[in-house]
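> what follows is a predicted structure for the sequence shown.
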Amino acid sequence: MNLRTMHLFELNDVWKIYKNKDNVIHALSRINCSFKECSFNIIHGPSGCGKSTLIRIIGLVETPSLGEVLIKCEDTSDQPQKSEIP
């Protein structure tokens, strides 16, 4: 059985890096996780650890700097961000 078919969301080696002229901020680094359909999941951690960034990437509001996000086994890299949809 292919284990990928069991996951609603799958993140593989996802990074989110924000850059400005003076700083580089690694909001997420090397995130590997999956969420099964009809499961109950909790994302927790201290303030500033990247929880909201992770949710925004899963919801296609932001794209990861590196890595792959699969929704129902389909790569989302070619899908527009929600903010780009008219």
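That came in fine, so what should we check first?
> nearest spatial neighbour of residue 76, chain-adjacent residues omitted?
The shortest distance from residue 76 to any residue other than its chain neighbours is 4.7 Å, reached at residue 69 (CB to CB, 6 or more residues apart in numbering). Using the backbone N, CA and C atoms, a C-beta is placed for each residue, glycine as well.
> how about the secondary structure of that neighbour?
What DSSP: H, G, I helix; E, B strand; the rest coil gives for residue 69 is strand.
> and it, how far from residue 13?
Separation of residue 69 from residue 13 (CB to CB, to the nearest Å) stands at 10 Å.
> more neighbours: these two, which one.
residue 69 (20 against 12; other CB atoms under 10 Å).
> pLDDT weak spots in this protein?
1-5, 80-86 (pLDDT under 70).
> who does the residue nearest to residue 76 form a beta bridge with?
residue 11 (DSSP bridges).
> got the contact list for it?
9, 10, 11, 12, 14, 57, 58, 60, 75, 76, 77 (CB atoms under 8 Å, 6 or more residues apart in numbering).
> wouldn't the fourth one be in contact with residue 66 here?
Just to be clear, that refers to residue 12. No: contact criterion CB atoms under 8 Å: residue 12 and residue 66 do not qualify, at 10.1 Å.
> neighbour count winner among those two?
Neighbours around residue 12 and residue 66, counted as other CB under 10 Å, are more numerous at residue 12. The numbers are 15 against 12.
> burial check on residue 24, number of neighbours?
8.
> tell me which element the spatially closest residue to it that is not a sequence neighbour is part of?
Once flanking residues are discounted, residue 24 sits nearest to residue 17: 6.4 Å by CB to CB, 6+ apart. For residue 17, the element it lies in under DSSP states H and E is strand 7-19.
> could you do residue 48 as well?
Residue 48 belongs to no helix or strand, assigned by DSSP H and E.
> and the gap between it and residue 27?
Residue 48 is 9 Å from residue 27, by CB to CB.
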